[in-house]
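Undergrad: only the shape, not the letters, is given here:
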């Protein structure tokens, strides 16, 4: 090598003296790397990944020698170049890997041994990459101390054949799954030298005594031996996590596990999920071990779906670890008042406590689609969780016990109603920073708003499945019961002035009975009062002879619940379903029933008995002879005709005609309640005509009373076209009518159903029920952001939130409006998959906020949008911002443009602010007068369009941003950073790739445009707004998105 080096120098001198032009070419083609010494090359190799170093062996002889020297002194090797989540380079075989290991005789630590494919055994005649081959190669390194790997069979082979070798880093297998694969097996040896063992979806015989083990994570692990914890003892253990493992079902077999954990004096984290240990076991172990330090250093305690866990188990752990406790997650069965009342009586202090999760349910159980029997079939413990039963009283005590709590998560606690009552003189919640409520359906919206206002340090709110919408069908029935109660009590007498000539109690016999429990005896035998019709002589004669009962045979005493019971029930239903809807009224008032002091619980057997009795009595009533031309018998004139319910109830009979003829021969005609929409005796027009006749309004009234004889046919024809809904068949026989339609006489009952996007009906009646208005009002001095998911609110009001910065709303079906009263620095709004969102109202309200911040509004509408109308409204409105409207059409959604736009929109605004403050550039205004000056396109703005493709999906941006076109067209400068992958081919604007990292650098590029704009005296706004609209859900079906 020395001789070749001298000849090269001589050749260079000859070229430089004789041929200077040729010497320049030779200078360019010199191999500078080969001129470097081996020491320099070895220092360079330190900064290269192992794969590149191995590739240099075949470039030249000198590089090969340098690589050999470098590997000979190497002590630490990383085959993944620091990327532990990746796999090692492919292409290795047993022979090549052995050759590599022999080149590193001083190797002590080998990291990144994560083979993508490794054979279990050698294959004769074929040079593969196998477990025995890797073990042989590792054994060729005499000084090897530790290996980092994630392969189950390889780590077991290392423990077996090389017990002196440590397993470096955190061992975590990469092929875990549930159900647990049968091929995933691992035998843990007692002499294993490992500190962190994380097993997912593995079959393990037992957990032995491992003295060096510090962190043990078991998830979806099947313990195959009958007593897997018999020898469990890990004195150095700091973390123990056991989640959803398939172990022994006998609770006594977990006794060695708990005692072994108590012997780990440095245990800091204890998580038990679906572990069926013996109830009360932890209590006794704590009593025996706390003096020697057992469980004293715990800072995290998690109990989830532990079938036999008792309150004393959790309480003893919390009391023992009070000094260092940071976080507690409590399963639903232990989320109760008694736990915290007992902790309060202990009078302890928790100086480091920060996080409390009530009603904790493991993420796997929430996302798993398997039922509990299926999970049990795969070996998991048989557990069925019920919601937590903690109440507002318990929540008051929570902060009295944990006074320094910062993070509170509550999941599925249906007995929480009034959060504002949680704050008392002893429970201030003064340090609460983050509040998360999930599926706490009974929490009152008004109380929650008050609670937020009283929290002095709250910054983040997360609401999931909260404030759900009241069911509209039950709300309609509730309003019916309320009005029924008031009608009978005379409270709504003024609404029915046509009954002014008779007392309200006289209305009751004309109406069908309300559904009630069967078998309720009436303690007061009260005769019902009938209202006489002037044209019904037969009815007068019948009343003189006897009192007619609307419930059965003449003179029979009805067996129904009293009106007091019905009114009480209506008030209870009213409390369950929120107020605020327009009351729905009957076409006829409700009946008066005999009073009953107490009702009874309606059981399924009673309901079946009622249906059976109604079937029989209905068929009897059908066979009763009635003159079709006689309209003076009130409700009987319509109810005695055949109806849908009679037909449906008789379908199950084997011989319907025989039953009908047999029941027709019975003499006693029974009037029963019809449960279908064909009953028309509650007709509003008929009631009005009856009232006129009763008031003695002359011949006109008497002529009118003959008309109802033809109306039953119309009623039956109309009702045949309408479906029988659940609310009608279960609750009443009279269709509902809104209060405005009550006083209007109907010529015919044929009504067309309205079709509206934002309306929905509770029955098949032509009654349109609006969404129940639920307003969430936020008033907090420190609140930074709120996240809403699947919430039933319709309006969000930011009343006084001076530090609010973001609002996220996802899948809020009825969310419509936003009102910002005082939130000056809010700058991010995300509305995704909110079906009824009023986009124009929200954009108008956001753009009217004083321009103190740049704002980005991200929307994923679930309906088509008139983009031209939206653009016209935004650009022509009195909004003092530069506006950009981006239409993104990627499907599935691509977030690249959404994320990148936040980086360069601020750059545009910073340029404008620099020009206005320091360059005396004119500032644009946008008042109402400015709007009137420019009524037509472009409305006083410099509007242009930018189009492109991102991942084969088009995007379109309409904007009046200044400087953007010039910056996009500029060439990269000296500050350009090529480490960024995006450019204009994959995103709208990539400032880092062009080196446009600050406003000062950008102003050097756009100097000419600044001069032109100054000469034309066109001002700029200090702030900008970006409206980003993603159309992936505009067809009406929400698309799954991991980034939402």
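TA: Cool, the structure landed. Small disclaimer: the values here were computed from a predicted structure and weren't measured.
Undergrad: neighbours around residue 892, how many?
TA: 12 (other CB atoms under 10 Å). No exception for glycine: its C-beta is placed from N, CA and C like everyone else's.
Undergrad: ok, the spatially closest residue to it that is not a sequence neighbour - contacts?
TA: The shortest distance from residue 892 to any residue other than its chain neighbours is 6.1 Å, reached at residue 1039 (CB to CB, 6 or more residues apart in numbering). When contacts are counted by CB atoms under 8 Å, 6 or more residues apart in numbering, residue 1039 touches 891, 892, 893, 1032, 1033.
Undergrad: list just the nearest of the residues you listed to residue 927.
TA: Of all these, residue 1033 has the smallest distance to residue 927: 36.7 Å, by CB to CB.
Undergrad: now residue 959. Its backbone dihedrals?
TA: The phi and psi torsions at residue 959 (degrees, to the nearest 10) take the values phi -150, psi 160.
Undergrad: mind listing the residues bridging to it?
TA: residue 884, residue 944 (DSSP bridges).
Undergrad: contacting residues for it?
TA: Taking CB under 8 Å, 6+ apart as the test, what residue 959 contacts is 882, 883, 884, 885, 943, 944, 945, 946.
Undergrad: thought the fourth one was touching residue 871?
TA: Yes - if you go by CB atoms under 8 Å, residue 885 and residue 871 touch, sitting 5.8 Å apart.
Undergrad: need the overlap of contacts for these two.
TA: Counting by CB under 8 Å, 6+ apart, the contacts common to residue 885 and residue 871 are residue 958.
Undergrad: so if I had to pick from these two, which one is more boxed in?
TA: Between residue 885 and residue 871, counted using other CB under 10 Å, residue 885 has the larger neighbour count: 22 against 17.
Undergrad: show the pLDDT at that one.
TA: At residue 885 the predicted local confidence, pLDDT, stands at 94.
Undergrad: ok, it - contacts?
TA: Going by CB under 8 Å, 6+ apart, the list of residues near residue 885 reads 867, 870, 871, 874, 957, 958, 959, 1027, 1029.
Undergrad: pretty sure the second one belongs to a strand, no?
TA: No - according to DSSP: H, G, I helix; E, B strand; the rest coil, the state of residue 870 is helix, so it is not within a strand.
Undergrad: if I pick it, what's in contact with it?
TA: Contacts here follow CB under 8 Å, 6+ apart; on that basis residue 870 touches 839, 840, 843, 885.
Undergrad: out of these, which two sit at the greatest distance?
TA: By the measure CB to CB, the contacts of residue 870 have their two most distant members at 840 and 885, which lie 12.7 Å apart.
Undergrad: so what secondary structure elements neighbour the helix ranked longest in the chain?
TA: With DSSP state H setting the assignment, residue counts place helix 896-918 as the longest helix in the chain. Here helix 896-918 touches strand 855-860, strand 882-888, helix 991-994, helix 999-1005, strand 1024-1030, going by 3 or more CB pairs under 8 Å, 6 or more residues apart in numbering; DSSP states H and E.
Undergrad: pull out the buried positions in it.
TA: 896-898, 900-901, 904-916 (16 or more other CB atoms under 10 Å).
Undergrad: give the next helix or strand downstream of it.
TA: The first helix or strand that comes after helix 896-918 along the chain, using DSSP states H and E, is helix 928-933.
Undergrad: ok, and what's touching that following helix?
TA: By CB under 8 Å, 6+ apart, the surrounding residues in contact with helix 928-933 are 876, 877, 878, 939, 940.
Undergrad: how near is residue 290 to residue 340?
TA: Look at residue 290 and residue 340: by CB to CB, to the nearest Å, they are 21 Å apart.
Undergrad: of these two, which one has the most company?
TA: Looking at residue 290 and residue 340 with other CB under 10 Å, you find the greater number of neighbours at residue 340, namely 27 against 17.
Undergrad: for that one, what are its contacts?
TA: Neighbour list for residue 340: 390, 394, 397, 398, 401 [criterion: CB under 8 Å, 6+ apart].
Undergrad: what's the answer for residue 49, then?
TA: residue 81.
Undergrad: can you give me the pLDDT of it?
TA: Looking at residue 49, its pLDDT reads 82.
Undergrad: ok, now the one 10 residues further on?
TA: Looking at residue 59, its pLDDT reads 79.
Undergrad: what are the phi and psi values for it?
TA: In this entry, residue 59 is assigned phi and psi values of phi -80, psi -40 (degrees, to the nearest 10).
Undergrad: same thing with residue 797?
TA: phi -120, psi 120.
Undergrad: my guess is it contacts residue 777. True?
TA: Yes - contact status for residue 797 versus residue 777: in contact at 4.5 Å, counting by CB under 8 Å.
Undergrad: re earlier: neighbour-wise, which of the contacts of residue 340 leads?
TA: Across the contacts of residue 340, the neighbour count under other CB under 10 Å reaches its highest value at residue 390, namely 26 neighbours.
Undergrad: how close does it get to residue 411?
TA: In this structure, residue 390 and residue 411 are separated by 11 Å, where distance is defined by CB to CB.
Undergrad: so what sits against both of those two?
TA: Common neighbours of residue 390 and residue 411 (criterion: CB under 8 Å, 6+ apart): 358, 359.
Undergrad: tell me if I am right that residue 148 is in a helix.
TA: No - judged by three-state DSSP, residue 148 forms no part of a helix; its state is strand.
Undergrad: give the contact list for it.
TA: If a contact means CB under 8 Å, 6+ apart, then residue 148 has 84, 109, 110, 111, 112, 113, 167, 168, 169 as its contacts.
Undergrad: same thing but at 6 Å, please
TA: Contacts here follow CB atoms under 6 Å, 6 or more residues apart in numbering; on that basis residue 148 touches 111, 168, 169.
Undergrad: what about the stretch 401-550 of the chain, any weak spots by pLDDT?
TA: Confidence mapping of the stretch 401-550 of the chain against pLDDT under 70 gives the ranges 472-550.
Undergrad: try 50
TA: Scanning the stretch 401-550 of the chain with the threshold set as pLDDT under 50 gives 491-550.
Undergrad: returning to what we had before: and the contacts of residue 148, which of them are buried?
TA: Applying a neighbour-count criterion of 16+ other CB under 10 Å, the buried members of the contacts of residue 148 are 111, 168, 169.
Undergrad: filter those residues down to the ones in strands?
TA: Using DSSP state E, the members of the buried ones among the contacts of residue 148 that fall within strands are 111, 168, 169.
Undergrad: look up phi and psi at residue 788.
TA: Per-residue torsions, residue 788: phi -120, psi 130 (degrees, to the nearest 10).
Undergrad: repeat for residue 990
TA: When read as degrees, to the nearest 10, the backbone of residue 990 gives phi -120, psi 90.
Undergrad: ok, how many other residues are close to it?
TA: Residue crowding around residue 990 was assessed by other CB under 10 Å; the count is 22.
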